[in-house]
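Colleague: Starting from these lines, generate the structure:
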Amino acid sequence: MNPEQFIGDYKTALASQNWERVEPLIHANACVTFSTGSVHKGIEAIKTAYERNFALIKNEEYVMADVHWLVKNQSIAVYMFNYSWKGIINGQLAGGKGRGTAVIVFENGSWKLMAEQLTAAT
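Modeller: Residues are numbered from 1 along each chain as shown. Here you go, the predicted structure:
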């Protein structure tokens, strides 16, 4: 797998809304910051946050576009991207968009998300 394939696998895993598909792509010491400003450090905190979102947002569609690579080598890659999402929350259509930055690391033969920060569009 290369960094570009990681992004595809990550998007597919998120679309499944199944933590068991997402977990192998997350580093144990990862840190994820949502566009709300909530920070989730470590695999257990990230699991809790993702599972909460999976339960809350039904039929979610998450799109990543305009990926820009800042660094890409054999052990680390850093990229920025635009994102948008939409889904059903409490029976109502909801959505958002913004910009993200992610750091992935190559460890034990696979790429894993080490950090991701999402900011909402203003």
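
Colleague: Leaving aside the residues adjacent along the chain, what's closest to Thr48?
Modeller: Spatial nearest neighbour of Thr48, excluding adjacent residues (Cβ to Cβ, 6 or more residues apart in numbering): His40 at 7.4 Å. For glycine as for every other residue, the C-beta is placed from the backbone atoms N, C-alpha and C.

Colleague: ah, wrong one, I meant Gly100
Modeller: Nearest one to Gly100, counting by Cβ to Cβ, 6+ apart, is Leu118 at 4.6 Å.

Colleague: What ranges does the protein have for its strands?
Modeller: 26-33, 39-41, 58-72, 76-89, 92-107, 110-120 (DSSP state E).

Colleague: what's around Pro3, how many residues?
Modeller: 20 (other Cβ atoms under 10 Å).

Colleague: low pLDDT regions in this protein?
Modeller: Scanning the chain for pLDDT under 70 picks out nothing.
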